[in-house]
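**Student:** pasting the sequence and the predicted coordinates here, then a few questions.
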Amino acid sequence: MHKHDFEQFYKLNLDRIFRYVYFRVGQNRSVCEDLVSEIFTKALEHFNSFDPAISRSAWIYRIAHNHLANYFRDKKPVVDIEEVSIVAKTKDQTEIQEALGHLSKEDRKIVTMKYLEGYNYQEIGEILGKTAGSVKMAAHRALKLLKQKYVDTN
């Protein structure tokens, strides 16, 4: 591994992983920064053993997901915030939570990854074990449902 390779990997993935963590820790910037630092430290420690059969985006996402799962297990929070601000027309976090509550867990994850975290359909497919086409269809279906059930009523 070259130092330059990890630096490029870090620059490419930092914003997405930060957004992924930020909304799951209740928008607590300090906690988020600590967790993101720990996630990329783990990635650096294991960068040489990265399996090229999976994308690096999927790899860092798994590290982040597992690290957050451990964090929440250890913290035993009252609420694990999955909700994110993907519907620009909503006024506050409560409305966003209500809107996303209309989606299945999988559709909520797809919409979150696409519209907040910035993953493309191919990357989401690799992470979730689906085709890019099926992810794209699920995202469009979920947004249509959100628009029908929530945005059009406000």
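**Tutor:** Thanks, I have it.
**Student:** which element, helix or strand, includes the residue nearest to Ser134 when sequence neighbours are not counted?
**Tutor:** Nearest-residue entry for Ser134: Gly125, 7.2 Å, with adjacent residues in sequence omitted and distances by C-beta to C-beta, 6 or more residues apart in numbering. Just so you know, the C-beta spots here come from the backbone N, C-alpha and C atoms, and that holds for glycine as well. Gly125 belongs to helix 121-128 when assigned by DSSP states H and E.
**Student:** looking at that helix now, give me its mean pLDDT.
**Tutor:** Across helix 121-128, pLDDT averages out at 84.
**Student:** in contact with the residue nearest to Ser134, which residues?
**Tutor:** Contacts for Gly125 were tallied using C-beta atoms under 8 Å, 6 or more residues apart in numbering; they are 131-132, 134-135.
**Student:** go on, Ser55?
**Tutor:** 123, 126.
**Student:** who touches Lys114 in this structure?
**Tutor:** 120-121, 124, 135, 139.
**Student:** and the pLDDT at Ala43?
**Tutor:** pLDDT, Ala43: 90.
**Student:** what secondary structure does it sit in?
**Tutor:** helix (DSSP: H, G, I helix; E, B strand; the rest coil).
**Student:** quick check, it in contact with Ile60.
**Tutor:** Yes - if you go by C-beta atoms under 8 Å, Ala43 and Ile60 touch, sitting 5.7 Å apart.
**Student:** find residues that contact each of those two.
**Tutor:** Common neighbours of Ala43 and Ile60, counting by C-beta under 8 Å, 6+ apart, are Phe9.
**Student:** when those two are compared, which one has more neighbours?
**Tutor:** Remark: of Ala43 and Ile60, Ile60 carries more neighbours, 24 against 21, as counted by other C-beta atoms under 10 Å.
**Student:** the residue nearest to Ser134 and His102, how far apart?
**Tutor:** 23 Å (C-beta to C-beta, to the nearest Å).
**Student:** do the same with Tyr121
**Tutor:** Here the criterion is C-beta to C-beta. By it, Tyr121 lies 22 Å from His102.
**Student:** which of the two has more neighbours?
**Tutor:** Higher neighbour count among Tyr121 and His102: Tyr121, with 20 against 14, using other C-beta under 10 Å.
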